[in-house]
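K.L.:
Fold the following for me, if possible:
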Amino acid sequence: MKSTQTPLLGIVAYSGTGKTTLLKQLIPYLRSRGIWTGLIKHTHHNVDVDTPGKDSFELRKAGADQTMVASSSRWALMTETPLQNQPDLNYLASRFDCQDLDVILVEGFKHEKIEKIFLHRENAGTLLDKLIDDHVIAVATDLSSAPIFDGVRVLDLNNVGEIGEFIVEWLRKKKE
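P.N.:
Numbering: from 1, shown residues only. This is a model prediction of the structure:
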């Protein structure tokens, strides 16, 4: 039976491993394969996507709990969450208009119980086997000979096409 929910796929790693760099190459690759992607990026920093001095910024700072900015080319909804410790991934994913999405890629949220590809660099100083949990379906690494983990595919971190085709196949299986 086909799932009605857009699948979430985590792209996770420790800071400095190259998650964003990979995603900047992977998203256009998937798009060229006809796959429409959404993206949720977790950050540990205080983020503000609005511009100080603009009306929307000033109205939000005046106390609006939600502020939507809209134009003919895009819209964005900013929601204040002062009482929330960590964002809830499923809630965030539910905010997407999934009609036109095939997958939502999730950068970060490495401890969430979603299927994920773990990125690992040899010079990262972390042991690969300490990073694997039950939700890791692949490891993309630059190790010349990576350890084998049951049910976990090893991918070349420097080969966007290989990682992209893995995702294409993963999505195909999800739709069966």
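K.L.:
got the residue ranges for the strands in the chain?
P.N.:
8-12, 37-41, 66-70, 75-79, 103-107, 116-120, 136-141, 153-156 (DSSP state E).
K.L.:
List the buried residues in the third one.
P.N.:
Okay, so that is strand 66-70. Buried residues in strand 66-70, defined by neighbour count with 16 or more other C-beta atoms under 10 Å: 67, 69. C-beta: built from backbone N, CA, C; applies to glycine.
K.L.:
For residue 166, give its distance to residue 140.
P.N.:
Separation of residue 166 from residue 140 (C-beta to C-beta, to the nearest Å): 9 Å.
K.L.:
Between those two, which contacts overlap?
P.N.:
Common contacts of residue 166 and residue 140, defined by C-beta atoms under 8 Å, 6 or more residues apart in numbering, comprise 117, 155.
K.L.:
of these two, who's got more company?
P.N.:
Neighbour tally, residue 166 and residue 140, criterion other C-beta atoms under 10 Å: the higher count belongs to residue 140, 27 against 17.
K.L.:
Take the strands of the chain and lay them out in a markdown table including mean pLDDT and distance to residue 86.
P.N.:
Converted to a markdown table, those look like this (pLDDT from 0 to 100; distance: least, C-beta to C-beta, whole Å):
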| stretch | mean pLDDT | distance to residue 86 |
| --- | --- | --- |
| strand 8-12 | 95 | 15 |
| strand 37-41 | 93 | 13 |
| strand 66-70 | 80 | 19 |
| strand 75-79 | 82 | 15 |
| strand 103-107 | 95 | 13 |
| strand 116-120 | 94 | 17 |
| strand 136-141 | 94 | 21 |
| strand 153-156 | 94 | 29 |
